[in-house]
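In: please work out how this folds:
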Amino acid sequence: MQDATDAGETSPDATLWQANPRAIVAGLHFIATPIGAARDITLRALDLLAGADVIAAEDTRTLRHLMEIHGVRLNGRYVIAYHDHNGAEARPRILAALAAGKSVVYASEAGTPLVADPGYQLGRLAIDNGYPVFAAPGPSAVLAALTVSGLPSDRFLFAGFPPNTASARRKWLTEFSGVPATLVFYESPKRLNAMLTDLVTVFGEDRQAAVCRELTKRFEEIRRGTLKDLADGFAEQSVKGELVVLIDRARGVQFGQDEIEALLREKLATMRVKDAAKEVSDAMGLPRRDVYQLALTLGDQDDEDENS
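Out: Okay, the predicted model is just below:
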């Protein structure tokens, strides 16, 4: 989704990372790459890039640059381009390497493969043919935005990019208006104003939201407020950079008793009754007193079950 390295990044001291001499296990390895700051790469991802038999990337130039920054040498290996437009041609080459018992690393341009980035069909094909598939987790614009948004993070839904046209976008957004989870979208700077306007129309003016721009980069910006506040604030502004838009969950959604009790039991396993009741009340938009009484009842039931 985003540029892999921030301009001005320099090679880190070589003592910060040295290649792990252990051989890389045969199979397909998905690695996460930085969404902005080059130093967000994990040591394990660098080990895989240094030791894999075959390297594939959504953008070969971006990955080569990232490897150069961190002193990871190709040592005669070539990088296979694999993206949305050449998948049918590239997948057989990668599958042939897996069939030969090779270790293959795949990196999307930035962030985690398969999260609004290529990789799904490649991973599905490898699994269907019985080859191991691994993930080296790391940077993700979704999780970075969720962390700094100030919105509930215990339950969220990543919906990707909205449709481009206004009518299709409003119809599409309506599907998510009642979802009891924080919603996470990617959006183009050119369409941010139109999307925020549509969000006000579909979700209402008062829903809390956040717009995260250029995460981990030099000009990172986080704006929080109601959808109306954000729509008004961006109305006359020209926006640049990569964007993540987050919207608070629908409040007043009707939950079944089983759902409420299940979440309460989950919280009670690690929290005091008062704290568990507060978390469930906030998460589900329910009266705190009612949730607290239910938590006490569940606690008493559990005690009786243990003593019986």
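In: C-alpha only now, for contacts and for neighbours.
Out: OK.
In: can you get me a residue count around Gly76?
Out: Counted by other CA atoms under 10 Å, the residues lying close to Gly76 total 6.
In: that one and Ala52, how far apart?
Out: Taking CA to CA, to the nearest Å as the measure, Gly76 falls 12 Å from Ala52.
In: where along the protein do the strands fall?
Out: Ranges of strands in the chain, per DSSP state E, are 27-31, 54-57, 79-81, 103-107, 133-136, 156-160, 182-187, 208-213, 221-226, 243-247.
In: now those in TSV, with mean neighbour count and distance to Gln121?
Out: Listed next are these as TSV, based on neighbours: other CA atoms under 10 Å; distance: least, CA to CA, whole Å:
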stretch	mean neighbour count	distance to Gln121
strand 27-31	25	12
strand 54-57	23	14
strand 79-81	19	15
strand 103-107	27	12
strand 133-136	15	12
strand 156-160	17	17
strand 182-187	22	21
strand 208-213	23	29
strand 221-226	16	34
strand 243-247	25	25
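In: in JSON lines: those strands, plus mean pLDDT and distance to Leu199.
Out: Output for the strands of the chain, formatted as JSON lines (pLDDT from 0 to 100; distance: least, CA to CA, whole Å):
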{"stretch": "strand 27-31", "mean pLDDT": "98", "distance to Leu199": "34"}
{"stretch": "strand 54-57", "mean pLDDT": "98", "distance to Leu199": "35"}
{"stretch": "strand 79-81", "mean pLDDT": "96", "distance to Leu199": "37"}
{"stretch": "strand 103-107", "mean pLDDT": "98", "distance to Leu199": "33"}
{"stretch": "strand 133-136", "mean pLDDT": "97", "distance to Leu199": "34"}
{"stretch": "strand 156-160", "mean pLDDT": "96", "distance to Leu199": "14"}
{"stretch": "strand 182-187", "mean pLDDT": "97", "distance to Leu199": "11"}
{"stretch": "strand 208-213", "mean pLDDT": "97", "distance to Leu199": "10"}
{"stretch": "strand 221-226", "mean pLDDT": "96", "distance to Leu199": "11"}
{"stretch": "strand 243-247", "mean pLDDT": "98", "distance to Leu199": "9"}
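In: just give me the neighbour total for the residue nearest to Met67 when sequence neighbours are not counted.
Out: Of all residues not flanking Met67 in the chain, Arg73 sits nearest, at 7.0 Å (CA to CA, 6 or more residues apart in numbering). Residues contacting Arg73 under the criterion other CA under 10 Å number 13.
In: kindly report the same for Ser238.
Out: Number of residues near Ser238 (other CA under 10 Å) recorded here: 10.
In: ok, Gln18 next?
Out: For Gln18, the count of nearby residues is 14 (other CA under 10 Å).
In: domain parsing for this structure?
Out: Under the assignment automatic domain parsing, the domains of the chain span 14-139, 142-247, 257-307.
In: what's the mean pLDDT across the shortest one?
Out: Spelled out, that is domain 257-307. What domain 257-307 shows for mean pLDDT is 81.
In: thinking again about what came up before, ok, now how distant is the residue nearest to Met67 from Ala97?
Out: Separation of Arg73 from Ala97 (CA to CA) stands at 20 Å.
In: before we move on, what about Pro287?
Out: Counting by CA to CA, the gap from Pro287 to Ala97 is 57 Å.
In: what do you get for Asp275?
Out: Distance from Asp275 to Ala97, by CA to CA: 52 Å.
In: which residue of the two possesses the greater neighbour count?
Out: Neighbours per residue (other CA under 10 Å) separate Asp275 from Ala97, with Ala97 holding more: 18 against 14.
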